[in-house]
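> sequence-free structure coming up:
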């Protein structure tokens, strides 16, 4: 084995050892995200009703690319509902332009969301889920506008818009 290959192998082993707690923790969160909710389905059932991108975000805690959702710039009057189960989550009067490239709101409809701690990617964030089906919606941050000071940064693919 050449010195370069030895160093690359060593770096890969050290990286794996350092990252494994984060990978395992994220896997445990994903494995339990389909329990203790009013609506539960198997992965096959979810795949039959969701697009591949919706499944990746809602059921596998993925994130859509910024500035790809038409809902980011939608300011029509109406209600944003969970794309997985249809539960109303946010109203248009709480939506604002955060400039992040994802639909953002300063408050959810009461009782519509649940949160968990997300420690993936070397950070601690508050992950937002639909309280009815457990679908991953996005994250909430403490840098939003008044009156709440919160920014619910949601994946547009996890939402559907129902005009008023």
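Ah, there it is. Not measured: the values here are computed from a predicted model.

> after the one helix or strand residue 137 maps to, which helix or strand is next?
Taking DSSP states H and E as the criterion, residue 137 maps to strand 136-141. Downstream of strand 136-141, the next assigned helix or strand under DSSP H and E is strand 151-154.

> any idea how far apart the tips of stretch 64-77 sit?
The first and final residues of stretch 64-77 sit 24 Å from each other (Cα to Cα, to the nearest Å).

> now stretch 152-160
16 Å.

> am I right that residue 57 is in contact with residue 68?
No: contact criterion Cβ atoms under 8 Å: residue 57 and residue 68 do not qualify, at 11.5 Å. Quick note: C-beta positions are derived from backbone N, CA and C, even for glycine.

> give me the nearest residue to the residue sitting nearest the centre point of the chain, chain neighbours excluded.
Nearest to the geometric centre of the chain sits residue 138, at 2.8 Å (Cα atoms, centre = their mean). Closest residue to residue 138 apart from its sequence neighbours, by Cβ to Cβ, 6 or more residues apart in numbering: residue 154 at 4.1 Å.

> for residue 100, same thing?
That would be residue 153: by Cβ to Cβ, 6+ apart, it lies 5.9 Å from residue 100.

> the one you found and residue 99 touch, don't they?
No: Residue 153 is not in contact with residue 99 according to Cβ under 8 Å; the separation is 10.8 Å.

> between the two, who's got more neighbours?
residue 153 (23 against 8; other Cβ atoms under 10 Å).

> strands along the protein, start to end?
78-82, 88-91, 95-96, 104-105, 113-118, 125-130, 136-141, 151-154, 159-163 (DSSP state E).

> which one of residue 57 and residue 68 is surrounded by more residues?
Each of residue 57 and residue 68 has its neighbours counted (other Cβ under 10 Å); residue 57 has more, 26 against 13.
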